[in-house]
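**Student:** got a structure for you, letters missing:
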């Protein structure tokens, strides 16, 4: 049987909330499950957060850009090493992405290159409108340093927490650090709603505005009247029912993902050729949505691709790291600031099976393949 990189993991009560939706005929993108799911997330994140449940994390990021006033011709600073959904909504708005390299500790947005980019864009006559910072693979970015740059130049942050629900920085939950934040509940995330996402705000009016835009921007009138362009971005009551059930097992899932990260640390403990991606200091606590490794092929004699193929031979899924956006064909003309940190990590890294539902026998299969590489000098 196939071992997946990160498959959905149900807790058991999801079906009850779905059945309630069917029994009460709440099938549309509103209803008690949507309200309940939003309240569960607000209680979990704390810090006076307000949640708008949406159809995807991408939709949430798109609305965040709109709410922060990003328009055609604007420039948006974006972490280069990320999934394309962090960058695509910039183009939806007709704006230009300005990509920034990573730093070595967290693989996230480099504050030094971020400030370099801001200074240079201002000199070129275009002050960037927004910063998009990502908690990659669940690892919090350097919040204090990035926030300092944001405040210095008065540029708001969209915190891309699609991969980091359950992660913390200095004991505060990821998803609470940006001017706006986004979450994702895609099928492979820590918790899932099948497909879904959320916009996180510290302002109730912004939550209401997001919901307004997400439901086709229908004005308050007895007929269908529209004064703004709207979108079909609201989460359905059925999917929100899955989310309500998933919130009941979120902490458990985070604990199991972190155990998988330790599983890989134990395998590679005695080798200096394979490094497991982990927290740089105790200020950071990752949910380890995906556990990743980097390979020093100059010492090992093998590459991350060799490991991927060996796992695949035993029907075990692994995956290269995100290819940086500035290396993607679709963004080949976008400005880029930095060196080759993200490129180096991409070329030498691999995501390993990380699901919270991996069985003992599946772990044994993974262990057997990886020990061969761990013992190679």
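**Tutor:** Everything's here; your move. What you see is a predicted model; the values in this text were computed from it and never measured.
**Student:** chain center to the helix or strand encompassing residue 308, what's the gap?
**Tutor:** Assigned by DSSP states H and E, residue 308 belongs to helix 304-313. Computed by CA atoms, centre = their mean, to the nearest Å, the chain-centroid distance of helix 304-313 equals 25 Å.
**Student:** now for this protein, the helix or strand with the poorest mean pLDDT.
**Tutor:** None of the helices or strands of the chain scores lower by mean pLDDT, DSSP states H and E than helix 297-300, at a mean of 89.
**Student:** and that one, what's buried?
**Tutor:** Residues residue 300 are the ones in helix 297-300 that count as buried (16 or more other CB atoms under 10 Å). In this view, the C-beta of every residue, glycine as well, is placed from N, C-alpha and C.
**Student:** which elements pack onto that helix?
**Tutor:** If you count contacts as 3 or more CB pairs under 8 Å, 6 or more residues apart in numbering; DSSP states H and E, helix 297-300 packs onto no helix or strand.
**Student:** and it, how far out from the chain middle?
**Tutor:** Distance, stretch centre to chain centre, for helix 297-300: 31 Å (CA atoms, centre = their mean).
**Student:** one more: stretch 249-257?
**Tutor:** Worked out by CA atoms, centre = their mean, stretch 249-257 lies 16 Å from the chain centre.
**Student:** which residues of the stretch 51-200 of the chain fall in strands?
**Tutor:** Shown for the stretch 51-200 of the chain, the strands assigned by DSSP state E, counting those that start in this stretch span residues 75-79, 96-100, 130-134, 157-160, 168-169, 172-173, 180-184, 197-201.
**Student:** need the contact list for residue 357.
**Tutor:** Going by CB atoms under 8 Å, 6 or more residues apart in numbering, residue 357 touches 7, 9, 256.
**Student:** select from the residues you listed every entry located in helices.
**Tutor:** residue 256 (DSSP state H).
**Student:** want to try JSON lines for the contacts of residue 357, with pLDDT, distance to residue 337 and neighbour count as columns?
**Tutor:** Formatted as JSON lines, the contacts of residue 357 follow (pLDDT from 0 to 100; distance: CB to CB, whole Å; neighbours: other CB atoms under 10 Å):
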{"residue": "7", "pLDDT": "96", "distance to residue 337": "37", "neighbour count": "17"}
{"residue": "9", "pLDDT": "97", "distance to residue 337": "39", "neighbour count": "18"}
{"residue": "256", "pLDDT": "98", "distance to residue 337": "38", "neighbour count": "18"}
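**Student:** pick the one among the contacts of residue 357 closest to residue 147.
**Tutor:** residue 256 (30.8 Å; CB to CB).
**Student:** what's the burial count for the residue lying closest to the closest one once chain neighbours are set aside?
**Tutor:** Leaving aside its chain neighbours, residue 256 sits nearest to residue 356 (3.7 Å; criterion: CB to CB, 6 or more residues apart in numbering). Counted with other CB atoms under 10 Å, the neighbours of residue 356 add up to 21.
**Student:** quickly find the element holding residue 41.
**Tutor:** Assigned by DSSP H and E, residue 41 falls in helix 32-45.
**Student:** oh, I was asking about residue 350
**Tutor:** strand 349-352.
**Student:** buried set for stretch 207-224?
**Tutor:** 207, 209, 210, 211, 212, 213, 214.
**Student:** assess the claim that residue 290 and residue 5 are in contact.
**Tutor:** Yes - the criterion here is CB atoms under 8 Å, and residue 290 meets it with residue 5 at 7.1 Å.
**Student:** okay, the two: which has more neighbours?
**Tutor:** residue 290 (27 against 17).
**Student:** show me what contacts that one?
**Tutor:** 5, 6, 137, 138, 163, 351, 352, 354.
**Student:** hmm, which two among those residues are most spread apart?
**Tutor:** Spanning the widest gap among the contacts of residue 290 are 163 and 352, at 15.1 Å by CB to CB.
**Student:** residue 42: which of the buried residues of stretch 207-224 is nearest?
**Tutor:** residue 207 (9.5 Å).
**Student:** any idea which element that closest one lies in?
**Tutor:** helix 204-214.
**Student:** now the end-to-end length of stretch 40-59.
**Tutor:** 20 Å (CA to CA, to the nearest Å).
**Student:** from the chain's centroid, how far away is that stretch?
**Tutor:** Worked out by CA atoms, centre = their mean, stretch 40-59 lies 14 Å from the chain centre.
**Student:** repeat for stretch 84-93
**Tutor:** 14 Å.
**Student:** and for stretch 312-324?
**Tutor:** That offset, for stretch 312-324, works out to 18 Å (CA atoms, centre = their mean).
**Student:** list the contacts of it.
**Tutor:** Residues contacting stretch 312-324 (CB under 8 Å, 6+ apart): 1-5, 80-83, 99, 136, 292, 304-305, 307-308, 311, 342-343, 345-346, 349-353, 365-366, 368-369.
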